[in-house]
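Q: Give me a model of this one.
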Amino acid sequence: MKVRRLHLYTASLYIMLAAYMTAPAISYKIGLPRIDNFLTVGFILFSLMAAVTERRRYPARAARPMLLVGLMAAWASLHLIITTLSATRFADLMFFLVLPSLMYIMYLVIRYHSDSLGFIRRFLTVFVLFVALPPFVELLTGIQLTTASGEELAIESGAVKGLFFNPNNLATAAVCLAPAVLFFFNISVEKAKDSLHGWILFALLGAAIFLSVSRTAIGCYLVLLAAYLMYRKNGPATVITVSAAAFLLSMLPQQALQEFLLSLNNNEFLERFSSRLYLFLYDFGSDNSVSYRQEIYNYFADNPPLLLTGYGPKNFIGYFGGHLSYDLAFENPHSFLIELYLSFGIVSLFAFAAYVYTYCNTIVLRKRLDNRAKWVSVLAMVIFIIAGFIPSSILRLPFIWLPCFMILLYSVLRPSEKIQPAPFHAATRQIS
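A: Prediction:
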């Protein structure tokens with residue numbers, strides 16, 4: 001019976017992943033209702049039934065973070081009672097309330113699977129392919145896979161977004177996945193082919209991130225790669241290489257580089273990339289996306305409200321109305337931390353902060369984790385928090401929580417599988 005339940009739990013995770021990844025494209029191409037909306041409600045009910053069925057004691061190191069994520073979501077669920085929700089905002093709320101369900105079912109699979117590492121690697125591979133391959137399909141065929149909210153987000157304008165609604169969502173998903181790929185394929189590894197598999201997935205994610213042209217995501221990805229290489233017994237070589245690259249870039253004639261970037265504006269596809277890079281390097285103050293975000297953050301910092309339950313999901317006109325130059329922040333404040341507090345209040349925010357602390361504390365104190373594994377694990381959480389500032393909202397991206405969930409749960413539930421560094425240049429030896 002336990003084996004049958006395990007298969008059911010495993011299948012449910014794959015079904016939810018496929019639903020979240022493909023629902024926008026299916027809805028856009030075929031015209032069907034979003035299948036992820038009702039599947040999310042069903043998955044929450046399924047996890048509650050599983051909790052009743054699985055009458056076992058939970059290890060404290062796993063129970064604490066699950067309880068904190070549960071508290072964060074449970075407090076938010078008050079808006080099912082106290083707030084009148086439209087169909088869209090109800091779906092937004094459900095996508096947040098599903099987080100403890102995703103974590104709990106993932107916990108059950110990792111705890112009871114005879115090959116939990118193998119399951120995680122297979123799951124991550126499917127996850128990465130869902131995120132990283134569609135942008136290339138979109139790029140090579142010129143066929144838009146999801147709807148574009150504006151002309152600037154259409155494939156004809158050079159906005160590559162894959163199965164997501166905009167490039168920022170693509171970048172967020174890819175950069176949150178990258179640390180987990182390093183952790184499970186390139187640190188916890190016995191065979192060189194697994195390490196090579198991991199590097200291929202990591203490179204695919206990097207390509208997707210660069211196609212998204214998200215400067216924050218690109219920076220996080222490069223920092224993660226450099227930090228990992230420094231811990232791979234070749235830290236001095238990495239430092240020298242990075243320093244040499246930075247020196248060579250600084251020696252490039254700035255006028256020639258500016259003219260080259262401006263010349264790319266004649267190409268419709270490269271215009272988005274060149275203009276964003278030009279603004280970042282030479283005219284940062286004229287970047288509207290940066291100035292508008294700064295306007296939101298400054299107003300919040302100068303006028304922090306005291307909220308117990310918050311305004312509800314995507315309902316911030318009562319707070320921002322009349323104080324900003326644009327109305328986008330009325331639903332999407334471009335910061336998960338601000339959105340979490342404004343939506344659900346102080347209790348959910350404190351529960352999230354406690355979850356982050358518990359995650360980092362648990363990882364750092366785990367003696368069986370190699371220092372490099374600890375470093376990548378903590379970086380995974382740091383990148384997740386930074387990634388919360390990339391898209392306009394992450395309420396509709398519950399799957400980006402899964403990488404940190406998997407790292408934490410695997411670290412505390414599999415004490416017999418000591419996580420150590422991969423053999424140096426293992427993949428290279430396998431090829432040769």
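Q: taking the mean pLDDT, what do you get for whatever helix or strand Leu196 lives in?
A: According to DSSP states H and E, Leu196 maps onto helix 192-212. For helix 192-212, mean pLDDT is 93.
Q: what packs against it?
A: helix 116-141, helix 167-181, helix 215-229, helix 426-431 (3 or more C-beta pairs under 8 Å, 6 or more residues apart in numbering; DSSP states H and E). Using the backbone N, CA and C atoms, a C-beta is placed for each residue, glycine as well.
Q: same thing but 10 Å
A: Here helix 192-212 touches helix 116-141, helix 167-181, helix 215-229, helix 268-282, helix 426-431, going by 3 or more C-beta pairs under 10 Å, 6 or more residues apart in numbering; DSSP states H and E.
Q: what sits against Leu8?
A: Contacts here follow C-beta atoms under 10 Å, 6 or more residues apart in numbering; on that basis Leu8 touches 46, 50, 105, 108.
Q: Pull the distance from the host helix or strand of Ile26 to the chain's centre.
A: Per DSSP H and E, Ile26 falls inside helix 2-30. The chain centre lies 18 Å from the centre of helix 2-30; the measure is C-alpha atoms, centre = their mean, to the nearest Å.
Q: List the buried residues for that helix?
A: By neighbour count on 16 or more other C-beta atoms under 10 Å, the buried set for helix 2-30 is 6, 9-10, 12-13, 16-17, 19-28.
Q: can you redo the helices and strands packed on helix 192-212 as CSV with mean neighbour count?
A: Rendered in CSV, the data for the helices and strands packed on helix 192-212 read as follows (neighbours: other C-beta atoms under 10 Å):
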stretch, mean neighbour count
helix 116-141, 18
helix 167-181, 28
helix 215-229, 18
helix 268-282, 16
helix 426-431, 14
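Q: would TSV of those helices with distance to Ser101 and mean pLDDT be doable?
A: Formatted as TSV, those follow (distance: least, C-beta to C-beta, whole Å; pLDDT from 0 to 100):
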stretch	distance to Ser101	mean pLDDT
helix 116-141	16	95
helix 167-181	19	96
helix 215-229	27	90
helix 268-282	37	60
helix 426-431	36	40
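Q: Pipe those helices into TSV and attach distance to Trp199 per row.
A: Below are the helices and strands packed on helix 192-212 laid out as TSV (distance: least, C-beta to C-beta, whole Å):
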stretch	distance to Trp199
helix 116-141	12
helix 167-181	9
helix 215-229	10
helix 268-282	25
helix 426-431	6
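Q: which SS class is Ile390?
A: Assigned by DSSP: H, G, I helix; E, B strand; the rest coil, the conformation of Ile390 is coil.
Q: looking at it, Asn371 is touching Tyr231, isn't it?
A: Yes - look at Asn371 against Tyr231 with C-beta atoms under 10 Å: they come within range, at 7.1 Å.
Q: who has more neighbours, these two?
A: Comparing Asn371 with Tyr231 by neighbour count (other C-beta atoms under 10 Å), the higher total belongs to Tyr231, at 18 against 10.
Q: quick check, that one in a helix?
A: Yes - looking at Tyr231 with three-state DSSP, it is inside a helix.
Q: Contacts only, for it.
A: Neighbour list for Tyr231: 187, 238, 370-376, 421 [criterion: C-beta under 10 Å, 6+ apart].
Q: Likewise for Leu139?
A: Neighbour list for Leu139: 155, 158, 160, 162, 211, 269 [criterion: C-beta under 10 Å, 6+ apart].
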